[in-house]
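Enquirer: Have a look at this fold, sequence not included:
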C-alpha cells in the first residue's frame, strides 16, 4: 500500500473517530476493501504481505472506532421508545370547564413532571437513533471487511495466527476478533 493511499484511509478513520459521521467510516472501509490505485502493477511478494498486514491493522483501527461507539446492549429489533407522555387523570382539570386542555392550563407541578418525563423520553429516543446508526455502520463495514478478508486471505492456520496477532496488539473486542477469524479459519 502506498503512503498516500494509507494516509487517505487514516484521514477517513480519524474523521470518523472525531465526528462520528457515517460517511468517513464508509469511505475508509471502501478504500480498505479495494486495491490501491497508486500502487505499481508489479510488487514483490514481501511488499504485498506487508501491505496486507498494514490493511489488517487499519481495519482493526476502524473496527475499534465503531465498537467503541456501539452499545452491546442495543438491539435493533427492540421497539424504540415512544415519545409521548400521558398525564394522570387526577391531574387533569375538570373536562366540563376545560374541554380542550393545553399544558399551560395544568398546575405548575404537573407541567414540570410532564416536561421532565418528555425530556427523558426524548433522550432515550435520541440514544436509540444514534445506536441504530452505529449498528448500521457496523453492518455495512463488516460486510465490506468480510468480502476483503475472504478474498485477500487463504483459509489457513497461518492466516488465523496473523489475525490473532494483530487483533491482540490492536486491542480488538473478543467478538470482533472471533468474527474476523471466522472469515480466514480453515
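Expert: In hand now; what should we look at? From a predicted model like this one, the values you see are computed outputs, not experimental measurements.
Enquirer: Give me the distance between the closest residue in space to residue 136 that isn't next to it in sequence and residue 144.
Expert: Spatially, and ignoring its direct neighbours in sequence, residue 136 is nearest to residue 22 (7.4 Å; Cβ to Cβ, 6 or more residues apart in numbering). Where C-beta positions appear, they are placed from N, C-alpha and C, glycine not excepted. In this view, residue 22 and residue 144 are 13 Å apart by Cβ to Cβ, to the nearest Å.
Enquirer: Specify which residue of these two has the higher count of neighbours.
Expert: residue 144 (19 against 16; other Cβ atoms under 10 Å).
Enquirer: List the contacts of the more buried one.
Expert: Residue 144 makes contacts with 29, 30, 32, 33, as judged by Cβ atoms under 8 Å, 6 or more residues apart in numbering.
Enquirer: Starting from the helix or strand hosting the second one, tell me the next helix or strand along the chain.
Expert: With secondary structure defined by DSSP states H and E, residue 30 is part of helix 22-33. Counting by DSSP H and E, the next helix or strand C-terminal to helix 22-33 is helix 45-69.
Enquirer: what's that next one in contact with?
Expert: Against helix 45-69 from outside (Cβ under 8 Å, 6+ apart): 1, 6, 9-10, 13, 16-17, 20, 25, 28-29, 32, 36, 39, 43, 134, 137-138, 141, 145, 148-149, 152-153, 162-163, 166-167, 170-173, 175-176, 180.
Enquirer: Could you rerun that using 7 Å?
Expert: 1, 6, 9, 13, 16-17, 20, 25, 28-29, 32, 134, 137-138, 141, 145, 152, 162-163, 166-167, 170-173, 176 (Cβ atoms under 7 Å, 6 or more residues apart in numbering).
Enquirer: and residue 108, how far is that from residue 134?
Expert: Distance from residue 108 to residue 134, by Cβ to Cβ: 39 Å.
Enquirer: of the two, who's got more company?
Expert: Just comparing residue 108 and residue 134: by other Cβ under 10 Å the higher neighbour count belongs to residue 134, 19 against 7.
Enquirer: For the more buried one, give me phi and psi.
Expert: When quoted as degrees, to the nearest 10, the phi and psi of residue 134 stand at phi -70, psi -40.
Enquirer: Wait, it touches residue 71, no?
Expert: No: the pair residue 134 and residue 71 fails to qualify as a contact (Cβ atoms under 7 Å) at a distance of 8.0 Å.
Enquirer: Geometric centre of the protein: which residue is closest?
Expert: residue 134 (3.2 Å; Cα atoms, centre = their mean).
Enquirer: okay, residue 66: pLDDT?
Expert: On pLDDT, residue 66 comes in at 95.
Enquirer: Relative to residue 122, how far out is it?
Expert: 25 Å.
Enquirer: Show me which of these two is the more surrounded one.
Expert: residue 66 (24 against 13).
Enquirer: ok, the residue nearest to the centre of the chain - contacts?
Expert: So residue 134 contacts 66, 69, 70 (Cβ under 7 Å, 6+ apart).
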